[in-house]
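Visitor: the following block contains a protein sequence and its predicted model.
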Amino acid sequence: MAGFLLNRRRLLGLVGAGAVTARWGSFGTVGTADVDPVSDVYYRVLLRHTRWSETQFDGERYRRADFGFAVVLGNAVLVTRGAYDARATGIGRDELRARTVATIRHFAASNALVGGTEWGKTLFWDTTFQSYFVLAARLLWDDLDAATRTTVDNMVRAQAEYTVSLGTGDDPRSGGWTPNGLLGGFQGDTKLEEMGVYAQSLAPALAWADPVPEAWRAAFGRWSRNMAGLPAADLANPALVDGVAVSANTAANLHDTFLVENHGSFGPHYQEELWRTAARNAIHFLLAGRPLPEVITAQPNGERLWRGILGMTSDAGEPLMPMVGDREHLYGRDVIPLAFRAQVLGDRYAARAEADLAARLEAYQAYPPVDRMAKFTGEPKYEPEARAEIAIAYLFHELRPRPTPVDAGELFRFAAGATDFGAGPGLLAHQTERSWAATVSKAGLVKFAWQPAHDDWLFVISGSTPMFLPSTGLAVRGRSATAYRKARDGFDATASVLTFDSGRAGMVTLPTGTVVYATSGVAAGEGRVDVHNLTMPGVPGLDGDRRYTAAEGSATVRAAEGAGRGDDLVFSRTSVRHVRMTGVTPHPVYGYSLFAFEVRDGAGGADLARGKVASASSFDVGRDPGFAVDGDAGTRWAVAKAERGRADSWLSVDLGAVVAVDRVRLSWETAAGAAYRLEVSVDGMQWTSVAAYPRDDLRSTGKWLDVDGRAGFVVHGAASPIAVRGGTVTLSDGPAAGFVVEGYVGADRDLAGRAAAGPPTCPDGVRGSTADGYLSLFNLTGGRVAGVVSVRQSRTKVQVYQGVQRVTAVGTDHDVVLEAASARVEPPRFTVRRVGGGAVPVGVTVTVLDGARVRVDGPSVMLLVAQAGGVELPAVRGVDLVFPTGRPYPLNDLAVGRTTFPTTPLPAGMSDPSAAVDDSPTTAWTPGPGGRMVVDLGAVVAVGEVVLTWTAGVAPTATVATSVDGRAYTPAAPVARGRRASVAVGATARFVAVGTGWRTGQARLVSVVIKPG
């Protein structure tokens, strides 16, 4: 036990950072079938977690409050499996078994389904813990008396009967929780979790009862199939799941995409609920030795939701959460969906993510409060839940073969892509091989989020935490968002501009992982980035400090040890009666909360504030201001819950008389103010600031900053210096004239050189950047801008972009037209150089028509033009140069790269229809007998023509139809048969369907090209 109490810096020194790295170096590459390092981690985590779970034992059983008794599932795994270690748990195996059996006996009898009154029957959330409880009982079945076995059997049967008796109605015992019948789409919430609860209340009975009434199976199937339902997709899918067509689904998401909401915003943590529920259900069938219902392994639309999760995945194997404040690092809710996808579905990408997550679990568990697995959330029930779900994940590894994980690089190559989920969800996201970034426009959550290297322990992005912009207090009046896609544009990127009452700001994300932020000067506090700084040995970057480097030098900011933080502020001795802490920046979730407010004169002086009268701007129930000056380290003041987002909350103490003071110590709870002022007064009316937190650890006018070697910033046009204060970086404190920030992954960039080079020269109101060779432009005005952007670059190898540009003495002048309040990013389509070397002459004009065609005019000189990543050809003045191997990006095709239906599971004989919109001549869609596919264009647009291209052979009959809502379709004119056939549409639509009379042996569809009207 003593080892667990070591200071974490000391622990790192004793163990050695190299040992931690070596421990996980072979994750996912073990070749022997009997070695599973992920499973071993889960077992060790459960052993150590037992030290916490034993605090739930009240002398007779594990406690009822917050479902503490659910620890029995982890206990059951430990006492029936593995190499039990009493030194790690702090309790002998036999004693743990006895306590667990006694608890199961008691809570089986006290369940409401069998006549008890303590718990149970209620769908939200008792049935989740019933599921864990039944699993624990089954693992210890031979240790239970006959009466308890009968009670457990009766419990699962009665729960199924009760759930079926509700039909599709709400559970009256569950308050306002509802799946909204089988319709879904409930405002502010998601059907995934709610319908999942109905399904998981039935699963134990389906797995363990005998016989199983058909009504139970039918209800389980209805709820399970509809969890991820989306009508436009489901109606296009005749595939049978457990004998029922997917097209029979009725449920819809709140939004008409595969993104789901919960608690009023998008949280990928909730999007994982499909596999979290499936895992809780599947483990019952696997342990019972019964076949899995097909819907568990063939979840309608499941793979589309999974791609959405991968687009938000961090390097720790869990989703990034820019729109939820308290669900990051919520183990084991993050473990169990990955374990299910890896072990039950055999998903090698999930196996990689699970291995990465497991590699950090023990380091996370050792962080205070030690032993626990749900540290960064406020709901106590998540702790026994975490134990149960890690136990289930362990069982999956025992019961199913381990797939070989892909390597980390392959995971993020597969996950890469840019998606605009729309103004309703308020999310424009981009996953690259090197970073993740997003524009969030949802009220109260507004930010431009960025995580270099997918490192969710680097920058704080969750909930209302500001990033580049203050998240709260800014109302979005307009949103411009573009997602560039490789299939259509030749590269993945995003470009956005948000309009506020006070100005505009936007962000471009590049395929290199770099981001560019531009602003007209929107709000005070703009340009702020918060940095995680913890001592968590074993998690990269969390070694107890962060190092910042700027032009003036470097500074190391140490991590605050412990759950809270103690601030000592010393100032010139002054005579005062009142001392006040006035907030500047609150904790992003919990506001401000102080255990102690101590005032002294001299280092050894008495606490002059103890027992005096304290007041505050607000306080929570049971957290009065007086608790901060009562001398009790266990009591505290906290702002009212409704005031947690308020920046200028304050706590003041009246010393009772004018006295001399020169120092204050503030002892914070987790809700520690990120920034505040210390103010004093003689009369309580006129206040003087005497100190502030945090003080600058580093201040730079050099326009660049390296953050711990993990990220780099270059700032152009800022009016104020870069400042590092504790865990906060202020790149420029707006709202002056605006500025541009370039964010780079890692420290392998010449930040000083980039800062010195400066940005392009742009028309008034336009900001620009040439980071990584891409031309990023932002029109931050309310009107259309036509003008010239001057790009500084070498004339020996001139990069050229879409449109017209002229070579100048210092680079190129680029003619641009930008729509009001919009952003654009252009890749360097070609480079131009002089034959034999030397500078390209001033006056050469290069017109890039598209990604395959370019024209060069101007002085008579021999020039060579190279296509990006391709061949080089000699230029002929005034003649279009066409590159035969190039694609004419951006393609004039509304379908390319778009989402297609059906999704998974596919009908018999059909291959993935996305092969017809991937712009690849080597892939093709096999329709299957009479197969039909739908292309979702993402928005209602004018459709002019549809062109179908088939492989060699006999082309099947085909029809084209259009729809605005994905439900009702209008047929177009008949399509002629032939290897390449087209049909004029002339309709306004979002969905275009291609129906076929395909028979075995006929041609397959290479492409569906949809041209705009």
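Guide: Right, received. Where do you want to start?
Visitor: pLDDT below threshold where in the stretch 651-800 of the chain?
Guide: Filtered on pLDDT under 70, the stretch 651-800 of the chain yields the residue ranges 734-735.
Visitor: residue 997: neighbour count?
Guide: Around residue 997 there are 14 other residues, counting by other C-beta atoms under 10 Å. The C-beta positions use only the backbone N, C-alpha and C, and glycine is treated the same way.
Visitor: should've said residue 967
Guide: Count around residue 967 with other C-beta under 10 Å applied: 10.
Visitor: next: residue 187.
Guide: Neighbours of residue 187 under the rule other C-beta under 10 Å: 8.
Visitor: on the three-state scheme, it is what?
Guide: With DSSP: H, G, I helix; E, B strand; the rest coil as the basis, residue 187 sits in coil.
Visitor: show me the contacts for it.
Guide: Contacts of residue 187 were listed using C-beta atoms under 8 Å, 6 or more residues apart in numbering, and they are residue 254.
Visitor: do the same with residue 1013
Guide: Contacts of residue 1013 (C-beta under 8 Å, 6+ apart): 941, 942, 943, 944, 985, 986, 987, 988.
Visitor: need the buried ones from these selected in PyMOL.
Guide: Those of those that count as buried under 16 or more other C-beta atoms under 10 Å are selected in PyMOL with:
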select buried, resi 943+985+987
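Visitor: now the contacts of residue 1013 in TSV, with secondary structure, pLDDT and distance to residue 1006?
Guide: Compiled in TSV, these are given as follows (DSSP: H, G, I helix; E, B strand; the rest coil; pLDDT from 0 to 100; distance: C-beta to C-beta, whole Å):
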residue	secondary structure	pLDDT	distance to residue 1006
941	strand	97	23
942	strand	98	25
943	strand	98	20
944	strand	97	20
985	strand	96	20
986	strand	93	24
987	strand	95	24
988	strand	97	27
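Visitor: now, the most widely separated pair of the contacts of residue 1013?
Guide: 941 and 986 (12.5 Å; C-beta to C-beta).
Visitor: measure the nearest residue to residue 818 once chain neighbours are set aside to residue 495 for me?
Guide: Counting by C-beta to C-beta, 6 or more residues apart in numbering, residue 779 is the residue found nearest to residue 818 once chain neighbours are left out, at 3.8 Å. Remark: distance between residue 779 and residue 495 (C-beta to C-beta, to the nearest Å) = 11 Å.
Visitor: report the beta-bridge partners for the residue nearest to residue 818.
Guide: As for beta bridges, residue 779 partners with residue 766, residue 822 under DSSP bridges.
Visitor: my read: it touches residue 821, true?
Guide: Yes. Counting by C-beta atoms under 8 Å, residue 821 is a contact partner of residue 779 at 6.4 Å.
Visitor: quick one, longest strand in the chain?
Guide: Identified as the longest strand of the chain according to DSSP state E is strand 565-585.
Visitor: which strands border that strand, and is each parallel or antiparallel?
Guide: Using DSSP bridges, strand 565-585 pairs in its sheet with strand 650-668 (antiparallel), strand 675-681 (antiparallel).
Visitor: gap between the closest residue to residue 917 other than its chain neighbours and residue 485?
Guide: Spatial nearest neighbour of residue 917, excluding adjacent residues (C-beta to C-beta, 6+ apart): residue 895 at 4.8 Å. The spacing between residue 895 and residue 485, counted by C-beta to C-beta, is 11 Å.
Visitor: more crowded one of those two?
Guide: Neighbour count, other C-beta under 10 Å: between residue 895 and residue 485, residue 895 has more, with 25 against 19.
Visitor: quick one on the thing from earlier: ranking the strands paired with strand 565-585 by burial, who's on top?
Guide: Of all these, strand 675-681 has the most neighbours on average by mean count of other C-beta atoms under 10 Å, namely a mean of 20.
Visitor: show me where pLDDT drops low in the stretch 301-450 of the chain?
Guide: The stretch 301-450 of the chain contains residues with pLDDT under 70 at 378.
Visitor: name the SS class of the residue lying closest to residue 288 once chain neighbours are set aside, please.
Guide: Closest residue to residue 288 apart from its sequence neighbours, by C-beta to C-beta, 6+ apart: residue 207 at 4.4 Å. Three-state call for residue 207 (three-state DSSP): helix.
Visitor: what number of residues lie near residue 207?
Guide: Neighbours around residue 207, by other C-beta under 10 Å: 24.
Visitor: that one touches residue 285, doesn't it?
Guide: Yes. Here residue 207 reaches residue 285: they are 4.7 Å apart, a contact under C-beta under 8 Å.
Visitor: pull up the overlap in contacts between those two.
Guide: With C-beta under 8 Å, 6+ apart, residue 207 and residue 285 have no common neighbours.
Visitor: ok, back up a step: would you check how far apart the residue nearest to residue 288 and residue 347 are?
Guide: In terms of C-beta to C-beta, residue 207 sits 23 Å off from residue 347.
Visitor: beta-bridge partners for the nearest residue to residue 467 once chain neighbours are set aside, please?
Guide: Nearest residue to residue 467, sequence neighbours excluded (C-beta to C-beta, 6+ apart): residue 447, at 4.4 Å. Counting by DSSP bridges, residue 447 is bridged to residue 440.
Visitor: list the contacts for residue 447?
Guide: Residue 447 touches 322, 440, 461, 465, 466, 467, 468, 469, 471, counting by C-beta under 8 Å, 6+ apart.
Visitor: contact partners for residue 80?
Guide: Going by C-beta under 8 Å, 6+ apart, residue 80 touches 139, 140.
Visitor: could you rerun that using 10 Å?
Guide: Listed by C-beta atoms under 10 Å, 6 or more residues apart in numbering, the contact partners of residue 80 are 93, 97, 136, 139, 140, 142, 143.
Visitor: any chance of TSV for those residues, columns neighbour count?
Guide: TSV is the format used below for the contacts of residue 80 (neighbours: other C-beta atoms under 10 Å):
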residue	neighbour count
93	15
97	19
136	28
139	22
140	20
142	7
143	17
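Visitor: out of the residues you listed, which comes closest to residue 372?
Guide: Each of those was checked against residue 372 using C-beta to C-beta; the closest is residue 136, at 20.0 Å.
Visitor: and residue 642, that one's in a helix?
Guide: Yes. The assignment for residue 642 is a helix, going by three-state DSSP.
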